[in-house]
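Engineer: Task: produce atomic coordinates for the following.
(chains A, B, C and D)
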Protein chains: 2
Amino acid sequence: MTTRTSRTDRAARNDRALLEAARAVLAEDGAHASVAAIAARAGVGIGSLYRRYRTKEELFQRLAVLSLEHWNEAAEEGLADPDPWAGLAGFVTACVEFGQGTLAPIAGAVEVSDEMDAASRRGDDLLDALVRRAQDAGVLRPDVAAVDVALLIEQLGRSPLVDQLRKQGRDDLLPAAVRARARLVAIALDGLRPGAPGGLPGDPPGEELFTGRWA
Amino acid sequence: MTTRTSRTDRAARNDRALLEAARAVLAEDGAHASVAAIAARAGVGIGSLYRRYRTKEELFQRLAVLSLEHWNEAAEEGLADPDPWAGLAGFVTACVEFGQGTLAPIAGAVEVSDEMDAASRRGDDLLDALVRRAQDAGVLRPDVAAVDVALLIEQLGRSPLVDQLRKQGRDDLLPAAVRARARLVAIALDGLRPGAPGGLPGDPPGEELFTGRWA
DNA sequence: TTACACCGGAGCGAATCGCTCCGCAAGTCT
DNA sequence: AGACTTGCGGAGCGATTCGCTCCGGTGTAA
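Structural biologist: As a prediction, this is how the structure comes out:
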């Protein structure tokens, strides 16, 4: 049997491909990523891109919303885990693997909508809850602040390890790079557990440092 | 008394300013950093830049050499420390604060000279010694490889926390960003100490993943 | 004062940018 | 089946930015 692909099916698939391509190109090229590069990677014409998103900014804004939504969903899944440590660790891992932080280059460029602002505040609250629950259970060192965890995710989530290799066409090394990043995450997570000999230097930084807030 | 500045003094100062500016702009703008931006930040005319470095590539190559030299000097200082842990921790801290890893965007672009190749291999050996000494002393978890430490430095050394804020002109937040980064380094270092409940996932990755090798 | 080494930046051609517009292929209706 | 309609792809637009050259101006040394 031959499966017919309707026009709307095709449009939806193009949209998904565009968003995924945009994330990849943005991670590789930074804030100056061109729409031509995004369309090419998605296997889509420039015209199709501009029918779906009227400007480059509109596409980037959509991307930011998706990023915030993923953050919040991952945090909710973490809170649903009965084990406080596993919940926090799973959240951090999910965010790093998703590439949370690869959008940082455009954080100051896109205009913040009300929707983004609300999602961002909700993400703050969810992370706070995740951190406080782990600390109350005694499985997270008490001197780390929620913003420390957020910055850790942002820092490890943008991955030269993965994105840059892909840009250079070294696709053969990609699986190794993903494994290497997982090891770094494991090291950082171990550093978050209680029992460290010394405390953290300085006071916790202000929340405004975290570009992932988009607000 | 008025201090006379000779022509050669001025030239030397311009050269230092150019290199520092190049590092800063490269960290902020990525691989597509323009020579105009570098010259402007250095407070120097484009003409002066092109008298000292005949092409953009030549400037970037010089930058890579400086980066390798700093790595090796920091590693030697670490080995000179009688305390194996303090030596390793100091090395990591020095490399992160120097911004080792901010040059990663151009790692695949500049041509590798024999000088760079030799310095790179020497850097590998120094790091190996640093890691092995700490593990033999029992102050570094045995399941981390030297390349894990190298990747950690590269990942934390490129600092959106610092560079991106500077690009956005938020100089007021810079000290806070530096402190925040120091806290992340402290967390990661604690994760490198022995006594973690679980081991690291997967095998240590191959050395070829570390772009800082420049070879 | 004269001579000149060095500096700064206007401006070159080439490349790339975001974006528009239209010819064409492929589902949908009669 | 044939006409209609919808959405796709990419050539090409003006504007911008790129790396780099080249020369008039500036300030030091003699």
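Engineer: Could I get the buried residue list for the helix or strand bottoming out on mean pLDDT in chain A?
Structural biologist: Within chain A, no helix or strand scores below helix A:165-167, which has a mean of 83 by mean pLDDT, DSSP states H and E. Of the residues in helix A:165-167, A:165-167 count as buried by neighbour count, 16 or more other CB atoms under 10 Å in any protein chain shown. In short, each C-beta sits where N, CA and C put it, glycine included.
Engineer: does that helix come close to DNA strand C?
Structural biologist: No. Helix A:165-167 lies out of reach of DNA strand C by CB under 7 Å from any atom of the strand, never closer than 13.1 Å.
Engineer: what about the host helix or strand of A:Leu126, near chain B?
Structural biologist: Assigned by DSSP states H and E, A:Leu126 belongs to helix A:114-136. No. If you take CB under 8 Å from any CB of the partner chain as the test, helix A:114-136 misses chain B, and the best it gets is 13.3 Å.
Engineer: CA-only coordinates of that helix, as PDB, when you get a sec.
Structural biologist: The C-alpha coordinates for helix A:114-136 follow below in PDB (Å, rounded to 0.1, in the frame of the first residue of the first chain):
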ATOM      1  CA  ASP A 114       4.700  37.500  28.100                       C
ATOM      2  CA  GLU A 115       4.500  33.800  27.500                       C
ATOM      3  CA  MET A 116       8.200  33.400  27.800                       C
ATOM      4  CA  ASP A 117       8.400  35.500  30.900                       C
ATOM      5  CA  ALA A 118       5.700  33.400  32.600                       C
ATOM      6  CA  ALA A 119       7.400  30.100  31.600                       C
ATOM      7  CA  SER A 120      10.700  31.400  32.800                       C
ATOM      8  CA  ARG A 121       9.400  32.300  36.200                       C
ATOM      9  CA  ARG A 122       7.700  28.900  36.500                       C
ATOM     10  CA  GLY A 123      11.000  27.200  35.600                       C
ATOM     11  CA  ASP A 124      12.700  29.100  38.400                       C
ATOM     12  CA  ASP A 125      10.100  27.900  40.900                       C
ATOM     13  CA  LEU A 126      10.400  24.300  39.700                       C
ATOM     14  CA  LEU A 127      14.200  24.300  40.000                       C
ATOM     15  CA  ASP A 128      14.000  25.900  43.500                       C
ATOM     16  CA  ALA A 129      11.600  23.100  44.600                       C
ATOM     17  CA  LEU A 130      13.900  20.500  43.100                       C
ATOM     18  CA  VAL A 131      16.900  21.900  44.900                       C
ATOM     19  CA  ARG A 132      15.200  22.500  48.200                       C
ATOM     20  CA  ARG A 133      13.800  19.000  48.300                       C
ATOM     21  CA  ALA A 134      17.200  17.400  47.700                       C
ATOM     22  CA  GLN A 135      18.800  19.600  50.300                       C
ATOM     23  CA  ASP A 136      16.100  18.800  52.900                       C
END
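Engineer: Let me know the angle separating the longest helix that chain A contains from helix A:114-136.
Structural biologist: Taking DSSP state H as the criterion, chain A has its longest helix at helix A:56-80. Orientation note: helix A:56-80 sits at an angle of 30 degrees relative to helix A:114-136 (axes from the mean of the first three to the mean of the last three CA atoms, to 10 degrees).
Engineer: and after helix A:56-80, which helix or strand comes next?
Structural biologist: helix A:84-98.
Engineer: And for that following helix, what's in contact with it?
Structural biologist: The contact list for helix A:84-98, computed with CB atoms under 8 Å, 6 or more residues apart in numbering or on different chains, reads A:67, A:70-71, A:74-75, A:77-81, A:127, A:130-131, A:133-134, A:136-137, A:139-140, A:149, A:152-153, A:156-157, A:159, A:181-182, A:185, A:188-189, A:192-193.
Engineer: for the record, mean pLDDT for it?
Structural biologist: For helix A:84-98, the mean pLDDT works out to 97.
Engineer: buried stuff in it?
Structural biologist: Applying 16+ other CB under 10 Å to helix A:84-98 flags A:84-85, A:87-98 as buried.
Engineer: quick revisit: and chain B, which of the buried residues of helix A:165-167 reach it?
Structural biologist: Counting by CB under 8 Å from any CB, the members of the buried residues of helix A:165-167 near chain B are A:Leu165.
Engineer: just curious, which of the buried residues of helix A:165-167 is nearest to B:Asp172?
Structural biologist: Proximity of the buried residues of helix A:165-167 to B:Asp172 (CB to CB) peaks at A:Lys167, which lies at 33.8 Å.
Engineer: Now for the closest one: which residues touch it?
Structural biologist: Applying CB under 8 Å, 6+ apart, we find A:Lys167 in contact with A:28-29.
Engineer: Only C-alpha atoms, please: export stretch A:8-23 in CSV.
Structural biologist: Output of stretch A:8-23 as CSV, limited to C-alpha atoms (Å, rounded to 0.1, in the frame of the first residue of the first chain):
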residue,chain,number,x,y,z
THR,A,8,-0.4,19.5,5.8
ASP,A,9,1.6,16.5,6.8
ARG,A,10,4.5,17.7,4.7
ALA,A,11,4.2,21.2,6.3
ALA,A,12,4.3,19.8,9.8
ARG,A,13,7.3,17.7,9.0
ASN,A,14,9.1,20.7,7.5
ASP,A,15,8.3,22.7,10.6
ARG,A,16,9.8,20.0,12.9
ALA,A,17,12.9,19.8,10.7
LEU,A,18,13.3,23.5,10.7
LEU,A,19,13.3,23.8,14.4
GLU,A,20,15.7,21.0,14.9
ALA,A,21,18.0,22.4,12.2
ALA,A,22,17.8,25.8,13.8
ARG,A,23,18.9,24.5,17.1
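Engineer: So what touches that stretch?
Structural biologist: Residues outside stretch A:8-23 that contact it (CB under 8 Å, 6+ apart): A:33, A:38-39, A:41-44, A:48-49, A:52-53, A:59-60, A:62-63, A:66, A:99, A:102-103.
Engineer: any weak-confidence spans in chain A?
Structural biologist: Flagging of chain A using pLDDT under 70 yields the residue ranges A:1-5, A:7, A:215.
Engineer: and A:Gly43, how many neighbours?
Structural biologist: Neighbours of A:Gly43 under the rule other CB atoms under 10 Å in any protein chain shown: 10.
Engineer: and it, what is it in contact with?
Structural biologist: Neighbours of A:Gly43 in contact, by CB under 8 Å, 6+ apart: A:Ala17.
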